[in-house]
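Trainee: Based on what follows, work out the 3D shape:
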Amino acid sequence: MASVPGDELSELSDRQDPRLLRALDMVAPGSALREGIDNIVLSRTGGLIVAGDPDDISFLFSHGIKLEIDYSPALLYQVAKMDGAIILNAEATKILSANVHLMPDPTILSTETGTRHRTAERVSKQTDALVIAISERREVVSLYVEGAKYILEDIPVVLAKANQALATLDKYRARLDRVSSRLTALEFEGGGVLYDVLAVLQRAELVTRMAVEVERYIIELGTEGRLIEMQLEETMDGVAADKTALVRDYSVEDTEANLDSVLTGLAQLAHQDVLDFGRLAEMLGYDRKMNTLDFPVAPRGYRALGRIPRLPRLVVQTIIHEFGGLEEILAASDADLEAVEGVGPTRAKEIREGLRRLQEVDLVDRYLQS
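Mentor: Numbers count the residues shown, from 1 in each chain. Purely as a prediction, here's the structure:
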């Protein structure tokens, strides 16, 4: 998994199919299983490999040679010379059996035409095992997970796709930064409307979805994807945290339960719904039919205060609950800020300086973008 910091890593992980990711991780370049598969591909012998709990898949076995030996790429290559399937444990650390004839339910629908791939698809539908079919003639490696098929591509092809996705992600992030800077300026000026909020929310969600695509390529690339991983980490810095703060700032209801509901619902939206501002407004608790260009909104202050270094989240929440919104926080005197529990004179000064710097940085950013 990519080492994207904190909230970003958590959100990317939550949005991906864990079984497919685990399968891709097991066969990624640099892994022992991938080395064995590559040896079989180069030898053009073909093969059928099943990795799973033997107690759950043994009912499909007919005949075969029981081995119970530690896995190694060389041994996998040798036993692949025999007919039949190779059975590995779920972690692919042991070769349990070889030359096994698999007998899945023949009534299970299969879209494959070749005997080996048809058997692989049916076994994956009938069990929780990862099934790998290696074509003898076409040198194609197919993964089957719960009936879903995923074809492994050559490293240069995956790298090209990853770089293309990363370039798209960079464009999405640049657009997100522009609309986010505009919203920040409007927050300090007190002139924001719901349309500006939804533009940032939409762009943040599109950035996250593109990052999920890049993350999957990184996992498939294994040791070859380290540079892509570093670029993804830099590009996604702060996106999840800022999106969370945005939802807390502008949702009609400011509760943890509502925050979780909005973020979960946003992740599950169809792509066309993400592009629909009415649907996004509805998720924040507004009437989806309202004119978002004419509806004024004011932030509670989570985005602004969240950008001040070393300011704990609990203190941020206390300040917002005390004053009610960013406008009231900006208008508060030093004495008012110092009186808030957990603030005090030093932290009050840091808050004042932090908000002032945020306004100055925003002005510079807008000047450079104009």
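Trainee: So in the chain, which helix runs the longest?
Mentor: helix 155-189 (DSSP state H).
Trainee: What are the buried residues along that helix?
Mentor: Of all the residues in helix 155-189, those buried under the rule 16 or more other C-beta atoms under 10 Å are 158-159, 161-162, 165-166, 169, 172-173, 176-188. C-beta here means a position set from N, CA and C on the backbone, and glycine is covered the same way.
Trainee: Now do the strands in this protein.
Mentor: Per DSSP state E, the chain carries strands over the ranges 47-51, 61-62, 65-70, 85-88, 94-102, 130-134, 141-145, 148-152.
Trainee: how about these in CSV, adding mean neighbour count?
Mentor: Listed next are these as CSV, based on neighbours: other C-beta atoms under 10 Å:
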stretch, mean neighbour count
strand 47-51, 25
strand 61-62, 14
strand 65-70, 12
strand 85-88, 26
strand 94-102, 20
strand 130-134, 27
strand 141-145, 21
strand 148-152, 16
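Trainee: would you list the ones you listed in a markdown table and tack on mean pLDDT and distance to residue 242?
Mentor: Listed next are the strands of the chain as a markdown table, based on pLDDT from 0 to 100; distance: least, C-beta to C-beta, whole Å:
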| stretch | mean pLDDT | distance to residue 242 |
| --- | --- | --- |
| strand 47-51 | 96 | 40 |
| strand 61-62 | 90 | 53 |
| strand 65-70 | 95 | 48 |
| strand 85-88 | 97 | 43 |
| strand 94-102 | 95 | 46 |
| strand 130-134 | 96 | 37 |
| strand 141-145 | 95 | 34 |
| strand 148-152 | 92 | 33 |
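Trainee: Same list, those strands, but as JSON lines with distance to residue 285 please.
Mentor: Formatted as JSON lines, the strands of the chain follow (distance: least, C-beta to C-beta, whole Å):
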{"stretch": "strand 47-51", "distance to residue 285": "46"}
{"stretch": "strand 61-62", "distance to residue 285": "56"}
{"stretch": "strand 65-70", "distance to residue 285": "57"}
{"stretch": "strand 85-88", "distance to residue 285": "50"}
{"stretch": "strand 94-102", "distance to residue 285": "53"}
{"stretch": "strand 130-134", "distance to residue 285": "43"}
{"stretch": "strand 141-145", "distance to residue 285": "38"}
{"stretch": "strand 148-152", "distance to residue 285": "36"}
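Trainee: wait, which of the ones you listed is closest to residue 210?
Mentor: Residue 210 sits nearest to strand 148-152 of all these, at 19.6 Å, using C-beta to C-beta.
Trainee: can you count the residues close to residue 255?
Mentor: Other residues near residue 255 come to 10 when the count uses other C-beta atoms under 10 Å.
Trainee: May I have the predicted confidence score for it?
Mentor: For residue 255, the pLDDT comes out at 93.
Trainee: can you tell me how far it sits from residue 285?
Mentor: 11 Å (C-beta to C-beta, to the nearest Å).
Trainee: Tell me if I'm right that residue 45 and residue 139 touch.
Mentor: No: taking C-beta atoms under 8 Å as the definition, residue 45 is not a contact partner of residue 139, at 10.8 Å.
Trainee: Just the mean pLDDT for stretch 347-359, thanks.
Mentor: Mean predicted lDDT for stretch 347-359 stands at 89.
Trainee: could I get it in PDB with only the CA atoms?
Mentor: Presented in PDB, the C-alpha positions along stretch 347-359 are these (Å, rounded to 0.1, in the frame of the first residue of the first chain):
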ATOM      1  CA  ARG A 347      -2.400  30.000  21.700                       C
ATOM      2  CA  ALA A 348      -4.700  33.000  21.200                       C
ATOM      3  CA  LYS A 349      -1.700  34.800  19.600                       C
ATOM      4  CA  GLU A 350      -0.900  31.800  17.400                       C
ATOM      5  CA  ILE A 351      -4.500  31.700  16.200                       C
ATOM      6  CA  ARG A 352      -4.500  35.400  15.400                       C
ATOM      7  CA  GLU A 353      -1.200  35.100  13.500                       C
ATOM      8  CA  GLY A 354      -2.200  31.900  11.800                       C
ATOM      9  CA  LEU A 355      -5.500  33.400  10.400                       C
ATOM     10  CA  ARG A 356      -3.600  36.500   9.300                       C
ATOM     11  CA  ARG A 357      -1.000  34.400   7.500                       C
ATOM     12  CA  LEU A 358      -3.700  32.300   5.900                       C
ATOM     13  CA  GLN A 359      -5.300  35.500   4.500                       C
END
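Trainee: If anything else comes up later, I'll come back, but that's it for now.
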